[in-house]
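Undergrad: the sequence and its predicted three-dimensional model are supplied below.
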Amino acid sequence: MQPSEHGQHGFGTLAVHAGSPHDPTTGAVIEPISLSTTYAQTAVGQPVGAYEYTRSSNPNRDNFENCIAALEKAKYALAFSSGSATTAIILQSLATGSHVVSVSDVYGGTHRYFTKVAKAHGVHVTFTPSIELDVEALIKPETKLVWIETPSNPTLSLVDISAVAAVAHKHGILVVVDNTFMSPYIQNPLEHGADIVVHSVTKYINGHSDVLMGVAAFNSDDLKERLGFLQNAIGAVPGAFDCWLAHRGVKTLHLRAREASRNGKMVAEALAASPYVRAVNYPGLDSHPQRKIALKQHRDGLGGGMLSFRIQGGKSAAERFCAATKIFTLAESLGGVESLVELPASMTHMGIPKEQREAAGVFDDLVRISCGVEEGVDLVKDVMAALEKVAGETN
Ligand SMILES: C=C(NCc1c(COP(=O)(O)O)cnc(C)c1O)C(=O)O
């Protein structure tokens with residue numbers, strides 16, 4: 001499938017075929033793995049083919065990047081060794097003294113990079129819990145980026161991307177959307193005015209908890225030049241086999257995202273009806289305060305497989321809930337075929353100072369759930385049984 005044909009096909013067809021040329025010599029429909037780190041040259045500066053050294057480019061990375069560009073409806077995509085490396089490269093592309101406006105509720109590792117690494121390199125980040133309202137007032141002459149997670153990790157807050165982009169673009173500021181929680185199947189931020197969309201590929205895109213990777217997708221030739229230079233110069237690139245695995249994983253993204261969304265809604269509805277639950281954060285519920293944004297930005301208004309909830313009984317009850325589930329595994333990460341459960345305040349977001357964490361809604365009793373593709377009824381039973389067990393221990 002040639003890039004010029006991408007616009008003629010739906011998501012599932014692109015997921016299977018984009019970036020997947022048949023081997024011209026063998027006809028193999030699945031690409032070979034090019035593990036070689038270097039490629040012969042017939043004379044100085046005359047490589048045999050299109051490749052010279054794997055850090056600079058690699059056939060499997062090219063194929064995966066081409067697939068993600070198609071799925072995010074972008075001109076370009078660049079893959080990195082992790083989602084965190086992707087964040088780092090984008091911040092590294094900014095000059096010292098630059099300023100970034102970010103939503104308050106971001107992944108703990110993103111908060112860590114912004115406050116501990118970028119700040120040390122002279123890039124300062126201002127956080128806000130209501131970026132649509134505050135972004136204009138927070139912009140400074142040195143502001144270069146607006147950073148959005150929508151839905152956010154772990155409170156599933158949503159941001160109206162086009163509203164923020166309209167303000168940012170008036171000032172020549174780029175908008176980055178971390179689309180990890182939705183995946184390209186449910187949301188395409190570039191269509192709503194974002195300039196760069198990033199993913200932890202580790203999550204839904206690869207989808208099998210066996211690859212660590214990140215990716216950025218965008219349309220700008222200038223960004224391709226700048227970020228492509230840093231991809232090679234810094235060298236935080238994924239290996240060929242990981243690219244091959246992630247390219248295989250993404251071929252079923254549409255099937256997994258639909259199933260995880262169906263399960264997410266089933267679990268969220270069951271939690272919302274439970275007397276043992278204080279609040280549920282799930283953009284697929286009509287009760288979500290920003291449901292209108294989900295209907296505007298998410299394919300078919302899907303809520304995805306991620307949700308969080310506040311359990312009655314505080315931190316102790318939350319910890320005992322995580323110990324009581326049998327299908328949901330207590331572990332960090334998300335977006336894989338297996339369902340996971342974790343406590344952000346004590347795990348993924350522990351590095352964020354408590355006051356800031358709780359200002360963003362990350363309380364000690366908040367439980368985060370990643371619904372996989374198991375049978376939804378089994379997941380609901382597991383969650384309800386764990387709630388009953390915790391309640392029984394408490395009484
Ligand atoms: C590991 C977890 N998050 C990683 C993550 C990252 C970092 O991706 P890594 O591939 O883990 O480096 C970036 N953005 C978001 C929204 C993320 O959730 C987690 O939340 O359990």
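TA: Yep, it's here. All values derive from a computational prediction rather than experimental measurement. Numbers count the residues shown, from 1 in each chain.
Undergrad: any residues touching stretch 376-383, and which ones?
TA: Stretch 376-383 is touched from outside by 262-263, 266-267, 270-271, 325-328, 339, 369, 371, with contacts defined as C-beta atoms under 8 Å, 6 or more residues apart in numbering. All C-beta atoms are positioned from the backbone trio N, CA, C, and that covers glycine.
Undergrad: buried ones in it, by neighbour count?
TA: Taking 16 or more other C-beta atoms under 10 Å as the basis for neighbour counts, the residues of stretch 376-383 that come out buried are Gly376, Leu379, Val380, Asp382, Val383.
Undergrad: part of a helix, is Ser209?
TA: No - according to DSSP: H, G, I helix; E, B strand; the rest coil, the state of Ser209 is coil, so it is not within a helix.
Undergrad: quick check: the gap between the residue nearest to it when sequence neighbours are not counted and the ligand.
TA: The spatially closest residue to Ser209, leaving aside those adjacent along the chain, is Gly336, at 3.8 Å (C-beta to C-beta, 6 or more residues apart in numbering). As for Gly336, its distance to the ligand is 11 Å (criterion: C-beta to the nearest ligand atom, to the nearest Å).
Undergrad: give me the element Gly336 is part of.
TA: Assigned by DSSP states H and E, Gly336 belongs to neither a helix nor a strand.
Undergrad: what do you get for Trp147?
TA: Here Trp147 is covered by strand 143-149, with elements defined by DSSP H and E.
Undergrad: pick out the residue in the stretch 1-150 of the chain sitting closest to the ligand.
TA: Shortest the stretch 1-150 of the chain-to-the ligand distance, computed as C-beta to the nearest ligand atom: residue-wise this is Gly83, at 2.4 Å.
Undergrad: can you report how many residues neighbour the nearest residue to that residue once chain neighbours are set aside?
TA: Of all residues not flanking Gly83 in the chain, Ser200 sits nearest, at 2.8 Å (C-beta to C-beta, 6+ apart). Residue neighbour count, defined by other C-beta atoms under 10 Å, stands at 29 for Ser200.
Undergrad: identify the bridge partners of Ser200.
TA: Counting by DSSP bridges, Ser200 is bridged to Gly214.
Undergrad: thought Ser82 was touching it, still the case?
TA: Yes - shown here, Ser200 and Ser82 form a contact pair, counting by C-beta atoms under 8 Å, at 7.1 Å.
Undergrad: tell me, what's touching the two both at once?
TA: Contact criterion C-beta under 8 Å, 6+ apart; residues bridging Ser200 and Ser82 by contacting each: Met213, Gly214.
Undergrad: quick revisit: give me the buried subset of the contacts of stretch 376-383.
TA: Among these, those classed as buried by neighbour count (16+ other C-beta under 10 Å) are Arg262, Asn263, Met266, Val267, Ala270, Leu271, Thr325, Ile327, Phe328, Ser339, Ile369, Cys371.
Undergrad: pretty sure the last one contacts Asn263?
TA: This means Cys371. Yes - under the contact definition of C-beta under 8 Å, Cys371 touches Asn263, with a separation of 4.0 Å.
Undergrad: shared neighbours of those two, anything?
TA: Residues touching both Cys371 and Asn263 by C-beta under 8 Å, 6+ apart: Gly305, Ser339, Leu379.
Undergrad: which non-adjacent residue is nearest the first one?
TA: So the one you mean is Gly305. When the adjacent residues along the chain are set aside, Gly305 lies closest to Ala260, with 2.9 Å between them (C-beta to C-beta, 6+ apart).
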